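Undergrad: Okay, structure incoming, though there's no sequence with it:
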Ligand code: SF4
């Protein structure tokens, strides 16, 4: 494979670029968006309210991602919510002849799905302009050859049809990103790298105090691609290069598109580099037949979605890659959700792990650098085993003190997410180090809730330095000896004099059970402060996902439910309560603990592992805008789990609210105190 790539022609793009087409302003006002789609050009002026926080769920809603080829060009922005409307219809962007797409702050937040920029590209968009852009989305754009800028003055030049220097889209970027822009994408750049047309010099950073994240990156730095030498004495924020990965994984939403890129660009018979360190998962869509609406089934979307499983399985079999697959024998479900299994069985302290999913930082709970990348980066890593990055600055999040008994790691995160520093987008792309005695007191499962939700923070990744709890976890889950576990965790700590760009401090004792109001995980408030003074009715309680389907989460649901059984209570009529675990290992644990019987006794429905309702693809999704869901999943962007209103809360709150029929905090004891919100 590598020999063929070394002799393949590859060139840089012309150094000036002209955009032939219209500009689409993704405005707050749905009517303004509609008028543009119907043919009216609208000029951008500084005061014009643009949509902020456009997530990839809005650019390509989950059901759109069943497509993995150029068909995606019919769908960009189908989930875009402007006020209470969805102004973009199928094919409208493509028909409109748009070449540039403009929005406000935090463009491309949320899922790492590369279908979003690929859909934009296939619809004709060549340029994305936004006030700031989320890391993975920006990298995905660059990797695909889609140009990105935060300089709004370019819009006028686009309108006038002026030639613009290509360098305008890599200004301020490092050498590698510039190269990727110049070569029109990551694959061509990597081919040029293999051919020696571009050389990436290792950073000249002298030894310095480093954070743990920086140390791990320095140890994995590709110092000399010709000899395979890995490791440099030190790195600092801004150093750009490639790091060798220990584990690369993808799931069925991404593998097929990556496989097609691989087969088309590298060759149908080419072999993945070191398939033993690649893992694949069938986890997102195993319950889809239960959740898809009859209209979508009729439109053929179920058949399209089922192709994802087939394509991934065929590729994994052909390449000799381990696939955690779908349950057979008549039951829906998966062997495991990717993040759950990576943490339970694969991640080791000090490793570098990449995954095709924004919640890959989950594995940072055992002290590794695990981060999400897009399809093109995954497919390139199948060739090179490495991944490009720029060393981020590190934010230190310190949580001190003793938390109340009904507060969990989820509440810490909802508190962190509403901090002005995080809300402003300042943490985008940063390494996030979670520490403090309140974090040290958490189990590895609970730490994973924090590192997982670094995706919502917008961080590059999050981690907790390994300690005695990590050692115990590795012994329990991996069956390794104490000596081996301690050796894995040894010397993995930040230096005392390491530099942090920001330190955020929280008092665990002051944190209360939180509720993120619908639309955004950063909308957190203490439940006791919920507005309106009225009870928030609950129609659906969903207890599951990678974030909230771990053993500790099951313990929390069970604790609340056991008390309910003692009181003779059940989930009331009118509330659907689903409990879905993250892996077969967690299910076995539930069986051993007697939880399955307990869940049945209170009237909860237990589900085999899968992403399910978390990705709008399983029991627990809302069906109408009026339905209200409370869930311990990690994000509640519009449409994430159906059209209804989705509140986020901790596992105790989810279980207590399922029993009460309205949002309520849990107070332990033989008689629970059910406190209505407001
Ligand atoms: S459970 Fe939800 S957040 Fe986790 S991997 Fe699946 S879709 Fe993503």
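TA: Good, I have the coordinates. This is a predicted model, so every value here is computed, not measured.
Undergrad: gap between the nearest residue to residue 428 once chain neighbours are set aside and residue 73?
TA: Closest residue in space to residue 428, ignoring its immediate chain neighbours: residue 458 at 4.0 Å, by C-beta to C-beta, 6 or more residues apart in numbering. Any C-beta I mention is one placed from the backbone N, CA and C, and that applies to glycine too. In this view, residue 458 and residue 73 are 27 Å apart by C-beta to C-beta, to the nearest Å.
Undergrad: Near the ligand, which residues of the stretch 201-350 of the chain are found?
TA: 284, 337, 338, 339 (C-beta under 6 Å from any ligand atom).
Undergrad: So which residues on the stretch 401-550 of the chain come close to the ligand?
TA: Going by C-beta under 6 Å from any ligand atom, the residues of the stretch 401-550 of the chain near the ligand are 545, 546.
Undergrad: all strands in the stretch 401-550 of the chain, in order from the N-terminus.
TA: 431-435, 461-463, 502-507, 514-516, 524-526, 540-543 (DSSP state E, counting those that start in this stretch).
Undergrad: Quickly compare those strands and say which is most buried.
TA: Stretch with highest mean neighbour count among these: strand 461-463 (a mean of 30; mean count of other C-beta atoms under 10 Å).
Undergrad: Now do that strand: distance to the chain's middle.
TA: 12 Å (C-alpha atoms, centre = their mean, to the nearest Å).
Undergrad: by contact count, what packs against that strand?
TA: Where contact means 3 or more C-beta pairs under 8 Å, 6 or more residues apart in numbering; DSSP states H and E, strand 461-463 is packed against helix 212-220, strand 369-372, strand 431-435, helix 444-452.
Undergrad: from the stretch 101-250 of the chain, which residue is nearest to the ligand?
TA: Closest to the ligand within the stretch 101-250 of the chain is residue 111: 7.0 Å, counting by C-beta to the nearest ligand atom.
Undergrad: What distance do you get for the residue nearest to that residue when sequence neighbours are not counted to the ligand?
TA: Leaving aside its sequence neighbours, residue 111 sits nearest to residue 56 (C-beta to C-beta, 6+ apart; 4.7 Å). Noted for residue 56: a distance of 12 Å to the ligand, by C-beta to the nearest ligand atom, to the nearest Å.
Undergrad: Isn't the residue nearest to residue 428 up against residue 422?
TA: Yes: here residue 458 lies in contact with residue 422, judged by C-beta atoms under 8 Å, at a distance of 7.4 Å.
Undergrad: and the longest helix for the chain?
TA: helix 301-319 (DSSP state H).
Undergrad: helices or strands up against it?
TA: helix 255-265, strand 278-281, helix 288-291, strand 322-324.
Undergrad: angle of that helix against helix 255-265?
TA: 60 degrees (axes from the mean of the first three to the mean of the last three C-alpha atoms, to 10 degrees).
Undergrad: Buried residues, helix 301-319. List them.
TA: 301, 302, 305, 308, 309, 311, 312, 313, 315, 316, 319 (16 or more other C-beta atoms under 10 Å).
Undergrad: what sits against the first one?
TA: Spelled out, that is residue 301. Counting by C-beta atoms under 8 Å, 6 or more residues apart in numbering, residue 301 makes contact with 63, 66, 292.
Undergrad: what's the closest non-adjacent residue to the second one?
TA: Closest residue in space to residue 66, ignoring its immediate chain neighbours: residue 305 at 4.0 Å, by C-beta to C-beta, 6+ apart.
Undergrad: quick one, what contacts that neighbour?
TA: Residue 305 sits in contact with 63, 66, 285, 288, 292, where contact means C-beta under 8 Å, 6+ apart.
Undergrad: Let's have the residues you listed in a markdown table, adding distance to residue 35, neighbour count and pLDDT.
TA: Putting these into a markdown table (distance: C-beta to C-beta, whole Å; neighbours: other C-beta atoms under 10 Å; pLDDT from 0 to 100) gives the following:
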| residue | distance to residue 35 | neighbour count | pLDDT |
| --- | --- | --- | --- |
| 63 | 27 | 25 | 85 |
| 66 | 30 | 26 | 90 |
| 285 | 36 | 29 | 92 |
| 288 | 36 | 27 | 88 |
| 292 | 33 | 22 | 86 |
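Undergrad: quick one, strands of the stretch 151-300 of the chain?
TA: Using DSSP E, counting those that start in this stretch, strands in the stretch 151-300 of the chain cover 163-165, 222-224, 229-230, 240-244, 247-251, 278-281.
Undergrad: Just want the angle from the fourth one to helix 212-220.
TA: Spelled out, that is strand 240-244. Here strand 240-244 runs at an angle of 70 degrees relative to helix 212-220 (the same axes, to 10 degrees).
Undergrad: Which residues outside strand 240-244 are in contact with it?
TA: If you take C-beta under 8 Å, 6+ apart as the criterion, strand 240-244 is touched by 174-177, 200, 202-203, 217, 220-222, 225, 230, 352, 384-391.
Undergrad: hmm, 6 Å instead?
TA: With contacts defined as C-beta atoms under 6 Å, 6 or more residues apart in numbering, strand 240-244 is touched by 174-176, 200, 217, 220-222, 230, 352, 386, 388, 390.
Undergrad: Over to the last one?
TA: The set of residues external to strand 278-281 that reach it, using C-beta under 6 Å, 6+ apart, is 248, 249, 250, 251, 255, 312, 316, 321, 322, 323, 324, 338.
Undergrad: List only buried entries from those.
TA: Listed as buried from those are 248, 249, 250, 251, 255, 312, 316, 321, 323, 324, 338; burial here means 16+ other C-beta under 10 Å.
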